[in-house]
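> sharing a sequence plus its predicted fold:
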Amino acid sequence: MTFQQLNQLGQIIDNACDVNNIDELNTIIAIHSEFTETMEDSIEKTYSYYLLGNAWHGVREIEHEKNVTKVWSLAQEEVFKEIYYFRKAIQQREFENLDVSLQLAVYINLGNAFSHYGRTINAIKYFDKAIALKFWHKSVVNHPNYFMALINKGLTLEYYSELDYDGGHKEFFIKFAYKNFQEAISIINEYLKKNYPDKEYYQEKKDNILTKLKWYEEQFSSTELENSDYFLNYKTQFSKNEANYRKWCLSHKLFLNPLNDLGSYDISTHDPLNLPNLTTDIEEGFPKIITNFNQLKQEYISYRHLLFEGVHEKTPKYYDKETSIIDDYNYNLYNINIEKIKIAFRGFYSIFDKIANFLNEYFYLNMNKNNIYFSNIWYEYENRQKIGIKEIFNKSENLALRGLYLISKDLFDDKQKEFFEVLEPEAQKINDIRNHLEHKFISIKLLDIEKFETYKERNRNFAITEDELQQKTLLLAQLAREAIIYLSFTVHIEEKKKEITDKYATIQLDLKNRGRN
């Protein structure tokens with residue numbers, strides 16, 4: 001299929017979306033999804049995945065317009081498919097050779113899908129990828145997709161501010177949203193000077209953003225709005241080793257601190273995230289979930305530091321100088337730093353099942369405590385067969401809870417075959433690593449020797465390189481952090497729904513004096 005033919009297909013999809021022709025969209029999806037898989041790995045295939053994502057987006061919009069209650073449902077196959085195809089486009093080798101306007105569109109549409117569903121943190125990541133394209137393609141700032149990236153990131157920062165119950169944090173998210181909107185307006189003004197056919201659409205966008213800017217300017221002084229970065233930076237006194245560790249955490253967005261999602265600012269170099277104040281039954285006493293959340297947080301921070309040590313702080317060789325390791329002539333690595341990364345990997349993975357146990361306690365699900373996993377906590381079962389999502393989750397109208405559910409679909413579980421290749425392209429590899437670390441053997445290679453013909457003959461165990469182990473563990477750490485933040489926000493949203501009566505009281509949560517961290 002030529003690029004010109006794909007352009008025509010894209011126009012057909014856009015027209016079908018405009019007139020709510022869901023039958024045509026479903027027909028295109030049915031035929032074109034099978035055809036796309038047969039295409040050679042090429043720029044056309046990459047573009048084709050993008051078009052399929054757009055078609056699923058159109059189906060999602062039409063379905064929600066027909067049935068507004070479906071907007072809050074956890075079971076939104078259209079969104080999952082939309083995310084899947086945009087991710088598939090990014091995964092293709094030819095993605096970077098797409099026209100930059102299409103790269104922008106893929107990142108923005110993927111960010112929008114995540115934002116809609118509740119994975120706010122992940123949405124910001126993709127908007128940032130879109131905005132960062134200006135550093136490689138200066139002309140990108142003149143494209144409407146660029147200022148739409150700024151606008152959509154601003155809107156997502158507003159959503160984030162509504163989820164975060166820390167008043168100080170809310171203010172910063174709003175101020176950063178203002179900066180995005182302000183930058184977008186200056187670019188839209190230039191765009192509207194030209195006689196483009198979509199001028200009316202973007203004029204409406206501009207008017208809506210101007211209304212927002214006016215509201216912000218009524219709430220804050222110009223100094224506060226224009227110098228929000230200044231208030232996030234201050235001099236810190238850390239040792240060299242601690243400074244390196246905190247800088248690494250900041251750069252990879254690993255602090256349990258929502259402000260870390262705004263960037264690498266000094267104010268984010270600690271882990272203030274906790275549970276909100278809780279309304280609890282007086283007869284039950286101090287809630288068990290507080291203890292559980294403390295453990296989740298402490299374990300995450302410990303695994304995070306183990307990962308840092310395994311990657312950066314090379315342990316002296318005296319720890320194993322008397323250890324004899326036989327040379328297996330298979331380029332395998334054996335050392336304590338790799339073992340630290342393995343422990344961190346297993347630890348981060350274990351956090352998700354502990355979150356499931358937390359949800360079981362908090363929502364009084366009464367599940368069998370020996371059979372609670374992040375993959376099954378969401379579902380009702382009958383005779384061991386899944387029959388649907390639990391009603392308490394499906395109608396919760398809790399955006400942060402939906403974010404947690406979407407993360408659960410990112411973690412491939414071979415017990416749930418339908419998870420395979422649904423969302424996260426790297427999920428199966430993560431699951432494979434976890435299974436071999438826990439139950440089998442895994443070889444960590446000095447280099448990627450799959451290219452050598454003799455490798456298949458020598459390969460006795462599941463094998464990955466040291467760099468790949470580090471990369472996958474870092475990805476898992478970021479997913480665990482995201483999940484813990486959503487868990488805290490989930491509780492906050494649920495607590496706001498409760499009414500204070502004679503039977504219930506609000507517990508004010510006090511912090512232990514452990515220093516700044």
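Received it, and whenever you're ready, just let me know what you need.
> please count neighbours and contacts with C-alpha atoms only from this point.
Fine.
> look up phi and psi at residue 381.
With angles defined as degrees, to the nearest 10, residue 381 shows backbone torsions of phi -130, psi 150.
> that one pairs with what?
Beta-bridge pairing of residue 381 under DSSP bridges involves residue 386.
> just the pLDDT at it, thanks.
According to the per-residue confidence, residue 381 scores 88 in pLDDT.
> so how far is residue 358 from it?
Spatial separation of residue 381 from residue 358 under the definition CA to CA, to the nearest Å is 19 Å.
> same thing with residue 181?
Residue 181 sits at a distance of 38 Å from residue 358 (criterion: CA to CA).
> neighbour count winner among these two?
residue 181 (24 against 20; other CA atoms under 10 Å).
> which residues touch that one?
Listed by CA atoms under 8 Å, 6 or more residues apart in numbering, the contact partners of residue 181 are 150-151, 154, 209, 213.
> and if you look at residue 257?
Residues touching residue 257, when contacts are defined by CA under 8 Å, 6+ apart, comprise 268, 270-273.
> low-confidence ranges, the stretch 401-517 of the chain, go.
For the stretch 401-517 of the chain, residues meeting the criterion pLDDT under 70 lie at 412-428, 435-436, 439, 446-461, 499-517.
> so which residues of it form helices?
For the stretch 401-517 of the chain, applying DSSP state H, counting those that start in this stretch gives helices covering 427-439, 455-458, 466-497.
> which of these is buried the deepest?
Mean neighbour count, computed with mean count of other CA atoms under 10 Å, is highest for helix 466-497 among the helices of the stretch 401-517 of the chain, reaching a mean of 20.
> what's that one packed up against?
On a contact count with 3 or more CA pairs under 8 Å, 6 or more residues apart in numbering; DSSP states H and E, helix 466-497 meets helix 288-312, helix 336-362, helix 399-410, strand 442-445.
> please identify the deepest-packed of the ones you listed.
For the helices and strands packed on helix 466-497, the largest average neighbour count (mean count of other CA under 10 Å) is found in helix 399-410, namely a mean of 24.
> CA atoms of it as CSV?
Listed in CSV are the C-alpha atoms of helix 399-410, where the atom choice follows Å, rounded to 0.1, in the frame of the first residue of the first chain:
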residue,chain,number,x,y,z
LEU,A,399,-9.6,8.4,37.7
ALA,A,400,-6.6,7.3,39.7
LEU,A,401,-8.0,3.8,40.2
ARG,A,402,-8.4,3.5,36.4
GLY,A,403,-4.8,4.4,36.1
LEU,A,404,-3.9,1.5,38.3
TYR,A,405,-6.1,-0.8,36.3
LEU,A,406,-4.4,0.2,33.1
ILE,A,407,-1.0,-0.5,34.6
SER,A,408,-2.2,-4.0,35.5
LYS,A,409,-2.9,-4.5,31.8
ASP,A,410,0.6,-3.3,31.0
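> now that helix against helix 336-362, angle please.
Interaxial angle of helix 399-410 relative to helix 336-362 (axes from the mean of the first three to the mean of the last three CA atoms, to 10 degrees): 130 degrees.
> circling back to that earlier point, redo the contacts of residue 257 as a markdown table? Include distance to residue 495.
What follows is those, written out as a markdown table (distance: CA to CA, whole Å):
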| residue | distance to residue 495 |
| --- | --- |
| 268 | 26 |
| 270 | 25 |
| 271 | 22 |
| 272 | 19 |
| 273 | 16 |
